[in-house]
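1. Predicted model and sequence follow; I will ask about them next.
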Amino acid sequence: GQQLNQSPQSMFIQEGEDVSMNCTSSSIFNTWLWYKQDPGEGPVLLIALYKAGELTSNGRLTAQFGITRKDSFLNISASIPSDVGIYFCAGQTYSGAGSYQLTFGKGTKLSVIP
Amino acid sequence: DTGVSQDPRHKITKRGQNVTFRCDPISEHNRLYWYRQTLGQGPEFLTYFQNEAQLEKSRLLSDRFSAERPKGSFSTLEIQRTEQGDSAMYLCASSLLNTGNTIYFGEGSWLTVV
């Protein structure tokens, strides 16, 4: 099956620093999405990318859909304590009966040191 | 609109009992998904509905699991004869095809089987 390799698995940064994380896959995806999940909660959508090469920003977050459609990165600028959480990348494919399944990475756990 | 809502948020049950989770998707979203997430992992696809039709099931969905969406609005996920390995967070998500099929998740239902 499809797999996403998300890195790093975890990171500790100082408040105010920039953060970068990425996902790679051997498979092509039609859409890339980035979610943030707090403990005990469901994933919250941060950014959705629909076209290869697309670069999209949402406040301090910037994400890009790789040209090959097999990778994506997420950058967070000037981190703040509330950025703490687990960030998941997810690739979406149109398959089978049009199921639009999401395949998730294993997540990047971000800790921010005040 | 308050987003995808799930009920109950937490359920503790004895092994062998049946449990049922309910999901109310975002209004007018025609696609509804169930995912399962265990600790330290990303969500994994279980099943998908377009309107009231269940169009795809994952191999993760054993015979003890059944999902319904009788009127194309809310959905239920029932687990019969629960096992300890069923302990996980069960996530519901919804999307609207005509808006890029961006998938939005609910807050999840935690199941603990003792």
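-> Thanks, I have the structure now.
2. Give the burial count for residue 30, as a bare number.
-> Defaulting to chain A. A count of nearby residues for residue A:30, using other Cβ atoms under 10 Å in any protein chain shown, gives 17. (C-beta placed from N, C-alpha, C; glycine too.)
3. wait, I meant chain B there
-> 16.
4. continuing past the least confident helix or strand in chain B by mean pLDDT, what's the next helix or strand?
-> In chain B, the helix or strand scored least confidently by mean pLDDT, DSSP states H and E is strand B:53-57, which has a mean of 90. Counting by DSSP states H and E, the element after strand B:53-57 in chain order, helix or strand, is strand B:65-68.
5. mind listing what's buried in that next one?
-> Within strand B:65-68, the residues that count as buried by 16 or more other Cβ atoms under 10 Å in any protein chain shown are B:65, B:67.
6. for stretch B:68-80, same thing?
-> B:69, B:73, B:74, B:75, B:77, B:79.
7. Looking at the residues you listed, which one is closest to residue B:55?
-> Closest approach to residue B:55 among those (Cβ to Cβ): residue B:69, at 10.6 Å.
8. Using a markdown table, lay out the buried residues of stretch B:68-80 together with secondary structure, pLDDT and distance to chain A.
-> Output for the buried residues of stretch B:68-80, formatted as a markdown table (DSSP: H, G, I helix; E, B strand; the rest coil; pLDDT from 0 to 100; distance: Cβ to the nearest Cβ, whole Å):
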| residue | secondary structure | pLDDT | distance to chain A |
| --- | --- | --- | --- |
| B:69 | coil | 96 | 14 |
| B:73 | coil | 91 | 19 |
| B:74 | coil | 96 | 17 |
| B:75 | strand | 98 | 15 |
| B:77 | strand | 98 | 14 |
| B:79 | strand | 98 | 19 |
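9. Pick out the most distant pair among those.
-> Farthest-apart pair in the buried residues of stretch B:68-80 is B:73 and B:79; separation 21.4 Å (Cβ to Cβ).
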